[in-house]
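[1] coordinates only, sequence not included:
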């Protein structure tokens, strides 16, 4: 087991190098020069200042030198300085990352609470009315664009209800925990709804697969009660793959936070990313990219390890 | 011996195929409608959207991009003349939604085409040959899976402005908007391909274990022949089912991109873009946002419903409990 984990950790290195290098090259291929942008019209001709700025933000030399230098800094946990704000990327992300994490966490909880029960019900009553309603509901959640729901809710809430209206300013969790969660709960629900469709469908098909197994038929023949069969024999086996789907949806979740943070003006990492891409703030784009890639890679490992805990038949060597 | 039995099976299959196929087809269709009503409903809506994309002139009531814009009629609510009202330039929202179907459908199908093509080749080859080739290919797939999706697409759309190159774009007479559509579709297709190639690889590995594959090898079939005749048919159901679900996801992603302002450029109608443009008028003219959103929802919903039903029918593990 330890050897397996060690091997997986080693395999992460080429993956992360690949991801960061692809993004590193791509951001530099975007037309436009960030240095020209911050210098404005008046400083554009000033070659000396330009060179100095390039040096300050590690933009001198060719792409490979820049990349190696960036890796060197990264190894010392130095994410560099934002070209736009001139503050360190770490300090820019310190306030934004927790917001996105909280939002994602709430969304995952919400999606599982909705998805797993409906998925189970849908499977044990396959092709019944409950199944149709459950599945339509799941696919509706999957199909509805989150940003649209957000927009409609903000509009309608402003007109007809008192809740769901995003406050003018962001409420910090440390200042007012309840106000903070209340504010984030609507966007988290929208985000979670999008995830739950996938989880629900997957729960259903995993349950269906297990329900067809011989040992389940044996359990029925023994005259066990449905409740026992479903909870002890079917759910325990069916819910293992569901865990993976939740883990594998993290990349989708990241995309979702980008959009929902934009709609609800939440000062998280996703919205910061969009503005950084628009302003070509390379160090920020790279930093957010590696954070997301790390989350995805570790989530994949976590999912595989969790597998072996939940299903003792799976042994890694 | 195995080649004779293979020939026998193929012969029987061919016989069954030519025998009364219209009858069989009609019966299967009827069975699909009765056992999978939601899937049939999805299929009907999908066909409707396909018709809109192919022949919008059958549906629209007004020119979606009139010149000059009938600015005097702007921001009207739904009426008999303008079923879904008019936008900030006085253009008919219903007709623009009809034309927007083309953008969404083209992106949906192109994404799936690109992804299915790449994923089937990579997945089958990687799973079938195994060894160091599998090892290298899977590390590349790892990188692809770890790439943050929407973030990567935004980068591609903003960076690769010279893509598609002239030798692809010119013969297809792509407009600037068409190029953006092409770019989004290829980028998204690539991205989706990484994930589905993993699934196809799994299916290929399990297909490889079959005795008839070993038998085919014993009688001297080449790798290419085994892949084409024995592995790929096993993998195809997986490809087809994931494709129909991916179309929905692709339509949703395109609308999100257009909503964020990275999608097709005006005046080409796109549902996501219409929502983006509606943002400023939202509080006083909600109809501008309601209808394009419903269109996205309905399209994604019906593709997913169809995909779900196809999976139930085609996936042998889920087939026929009752």
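    Happy to help now that I have it. No experiment lies behind these values; they were computed from the predicted model shown.

[2] Where does pLDDT dip in the chain?
    Since you didn't name a chain, this refers to chain A. Per-residue confidence of chain A (counting by pLDDT under 70) places the weak regions at A:41-45, A:161-168, A:310-317.

[3] my bad, the chain I had in mind was chain B
    Chain B contains residues with pLDDT under 70 at B:1-6, B:9, B:12-22, B:315-322.

[4] List, one by one, the residues from the stretch 201-322 of chain B near chain A.
    Where the stretch 201-322 of chain B comes near chain A, counting by Cβ under 8 Å from any Cβ of the partner chain, the residues are B:248, B:252-253, B:255-256, B:259-260, B:272, B:275, B:278-279, B:282-283, B:286, B:289-290, B:293, B:296-301, B:304-305, B:308, B:311, B:317-318, B:321-322. All C-beta atoms are positioned from the backbone trio N, CA, C, and that covers glycine.

[5] how near is the residue nearest to residue B:198 when sequence neighbours are not counted to residue B:259?
    The shortest distance from residue B:198 to any residue that is not its chain neighbour, by Cβ to Cβ, 6 or more residues apart in numbering or on different chains, is 6.1 Å, and that residue is residue B:141. For residue B:141, the distance to residue B:259 equals 29 Å [Cβ to Cβ, to the nearest Å].

[6] Could you list the contact residues of the stretch 1-150 of chain A toward chain B?
    In this structure, the stretch 1-150 of chain A approaches chain B at residues A:11, A:14-16, A:18-19, A:22-23, A:26-27, A:29-31, A:126-127, A:132, A:135-136, A:139-140, A:142-145, A:147-148, judged by Cβ under 8 Å from any Cβ.

[7] Among those residues, which ones are in helices?
    Using DSSP state H, the members of the residues of the stretch 1-150 of chain A next to chain B that fall within helices are A:11, A:14-16, A:18-19, A:22-23, A:26-27, A:29, A:132, A:135-136, A:139-140, A:142-143, A:147-148.

[8] Using ChimeraX, define a selection of the buried residues within those.
    To isolate the buried subset of these in ChimeraX, counting by 16 or more other Cβ atoms under 10 Å in any protein chain shown, use the following:
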select /A:11,15,16,18,19,22,23,26,27,135,139,140,142,143,147,148
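
[9] So residue A:174: helix, strand or coil?
    For residue A:174, the secondary-structure state derived from DSSP: H, G, I helix; E, B strand; the rest coil is coil.

[10] which outside residues touch stretch A:106-117?
    Contacts made with stretch A:106-117 from outside it, assessed by Cβ atoms under 8 Å, 6 or more residues apart in numbering or on different chains, are listed as A:138, A:141, A:181, A:184-185, A:188-189, A:191-200, A:203, A:239, A:242, A:246, A:253, A:256.

[11] How many residues are close by residue A:220?
    Using other Cβ atoms under 10 Å in any protein chain shown, residue A:220 has 13 other residues around it.

[12] Look up the closest residue to it, ignoring the ones flanking it.
    If you skip the residues right next to it in sequence, residue A:220 has residue A:229 as its closest partner in space, 6.5 Å away by Cβ to Cβ, 6+ apart.

[13] That neighbour is in contact with residue A:218, isn't it?
    No: counting by Cβ atoms under 8 Å, residue A:229 stays clear of residue A:218, with 9.9 Å between them.

[14] Comparing those two, which shows the higher neighbour count?
    Neighbours per residue (other Cβ under 10 Å) separate residue A:229 from residue A:218, with residue A:229 holding more: 20 against 12.

[15] what number of residues lie near residue 51?
    If you meant another chain, say so; for now it's chain A. Every residue meeting other Cβ under 10 Å relative to residue A:51 is counted, giving 13.

[16] you looked at the wrong chain, it should be chain B
    One way to gauge burial is a neighbour count; for residue B:51, by other Cβ under 10 Å, it gives 14.

[17] Cool, thanks, signing off.
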